[in-house]
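Colleague: fold the following.
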Amino acid sequence: MSRRRLLRAAACALPAAVIIPEIAAARAEAGLSPKSEATVRKWYQEWGTAKDWHPFDLLLADDFTFSSPLDDHISKSAFKERCWGTQNAFIERFDLEHLIATANEAFVMYVGHTTNGKTFRNVEYLRLRGEQIQAIECYFGAQNSFPSAVSGQK
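Modeller: Predicted structure coming up:
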């Protein structure tokens, strides 16, 4: 690379670093506390093992909300009815691929495995309060990769 090209690249990079300090600061954030990380991991583990609502209920704050392309900030009771009630028997397990966290927030990318051998990939944003999940925003993978009772695919 020529010196001229290198100087031009540096001239562009320096103002960007000064103008966007949040990018550098974001990397310095601390990860989840061990208890919060355990809460997040337990949430996904319970989908493959718990067949009753109680373990899920304990992990969710009373004012919990869930959002997805199909749901807009629904309550804990609506989540139990619309999501857990229709999906729990359908989910075999979740394999967490990425868990990226800062303080009391986490992004999780996972592959979901259904009881009939299909898979799907989603990303979820979780907000935690103490050792409970306050909110989840779910972002579905490709439309054809979300086989569920809700979408009608099996």
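
Colleague: which intervals of the chain have sub-threshold pLDDT?
Modeller: 1-30, 142-154 (pLDDT under 70).

Colleague: name the helix or strand for the residue most central in space within the chain, please.
Modeller: Central residue of the chain (CA atoms, centre = their mean): Glu124, 2.0 Å from the mean position. Assigned by DSSP states H and E, Glu124 falls within strand 119-129.

Colleague: spit out the contact partners of Gln134.
Modeller: The neighbours of Gln134, taking CB atoms under 8 Å, 6 or more residues apart in numbering as the test, are 61, 63-65, 127-128. Glycine gets a C-beta too; all of them are placed from N, C-alpha and C.

Colleague: who wins for neighbours among those?
Modeller: With neighbours taken as other CB atoms under 10 Å, the top of the contacts of Gln134 is Leu128, carrying 24 neighbours.

Colleague: hang on, isn't that residue packed against Ala38?
Modeller: No. Judged on CB atoms under 8 Å, Leu128 makes no contact with Ala38 at a distance of 10.8 Å.

Colleague: which residue packs closest to Ala89, ignoring adjacent ones?
Modeller: The shortest distance from Ala89 to any non-neighbouring residue, by CB to CB, 6 or more residues apart in numbering, is to Thr115 (7.1 Å).

Colleague: OK, contacts around the one you found?
Modeller: 89-92.

Colleague: and for Asn88?
Modeller: 47, 50-51 are the contacts of Asn88 under CB under 8 Å, 6+ apart.
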